[in-house]
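Student: Sequence unavailable; structure follows:
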């Protein structure tokens, strides 16, 4: 049996960690700077959902599947928030920050599940050249995603080594789902569009519930809004280029 696909899947997942590395150099940001970067992160996530995940899910299925997947993703994150102990007081509350970090990591990990399955299933398909192409495309997309994960965690004052660990952990989820996709490609083919829509709903929940309020709480609404739009455009352009 040819196991070269494991190397491709590993490298694809590793790109998440590579994207996280530059953020480790960020230090001593002002509160205004943090709000701007959080809004930029929110823009990236909205673009990834609306310009990447949602069209892909729709292309693989239909509107009812898309709606169901988005709603399941939204309600799943909502339930997680309910059962994660924290108090929804001011946006600077430490308990609330811990819950935000947990929800964000869960959302990004869930986001990587359908990506990993897609890479794995591409290697399991009858088209021999499809696997490396899909792996390369997803790997390139994982670089800005790793940056996004690390940026959010750094802004929440998470330790730099923990930040790198958590970013890598989201990539590990993609690696595992990639291996599963290779061995059970046929069985999971119908689940992928639901997974893509699920990821979109989870990410949109995080943006509206956590990132936007966090970036608008200290009088930086106007500059944060502009940063959000720049982040949206940036991810939209990257998604278009890497397609």
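Tutor: That came through, no problem. A quick note: this is a predicted structure, and the numbers were derived from the prediction, not measured. Numbering: from 1, shown residues only.

Student: Can you find the helix or strand in this structure with the smallest mean pLDDT?
Tutor: For the chain, scoring each helix and strand by mean pLDDT, DSSP states H and E identifies helix 185-188 as the least confident one, at a mean of 72.

Student: buried stuff in it?
Tutor: 185, 188 (16 or more other Cβ atoms under 10 Å). Bear in mind the C-beta positions are built from the backbone N, C-alpha and C, glycine included.

Student: and that helix, how far from the chain's centre?
Tutor: Here the centre of helix 185-188 is set off from its chain's centre by 23 Å, with Cα atoms, centre = their mean, to the nearest Å.

Student: Same check on stretch 158-170?
Tutor: In terms of Cα atoms, centre = their mean, the gap separating the centre of stretch 158-170 from the centre of its chain is 14 Å.

Student: Check stretch 9-18 too.
Tutor: The gap between where stretch 9-18 is centred and where its chain is centred comes out at 14 Å by Cα atoms, centre = their mean.

Student: And the contacts of that stretch?
Tutor: Where contact means Cβ atoms under 8 Å, 6 or more residues apart in numbering, the residues beyond stretch 9-18 that reach it are 112, 116, 119-120, 123, 135-136, 138-140, 142-143, 145-146, 149, 164, 167-168, 170-172, 174-175, 178-179, 182.

Student: I'd like to know which elements the helix or strand following the least confident helix or strand of the chain is packed against.
Tutor: Once the chain leaves helix 185-188, the next helix or strand it forms, by DSSP states H and E, is helix 192-206. The criterion is 3 or more Cβ pairs under 8 Å, 6 or more residues apart in numbering; DSSP states H and E, and the helices and strands that helix 192-206 contacts are helix 31-47, helix 54-60, helix 63-83, helix 94-124.

Student: Let me have these in JSON lines, adding distance to residue 229 as columns.
Tutor: Output for the helices and strands packed on helix 192-206, formatted as JSON lines (distance: least, Cβ to Cβ, whole Å):
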{"stretch": "helix 31-47", "distance to residue 229": "6"}
{"stretch": "helix 54-60", "distance to residue 229": "19"}
{"stretch": "helix 63-83", "distance to residue 229": "23"}
{"stretch": "helix 94-124", "distance to residue 229": "21"}
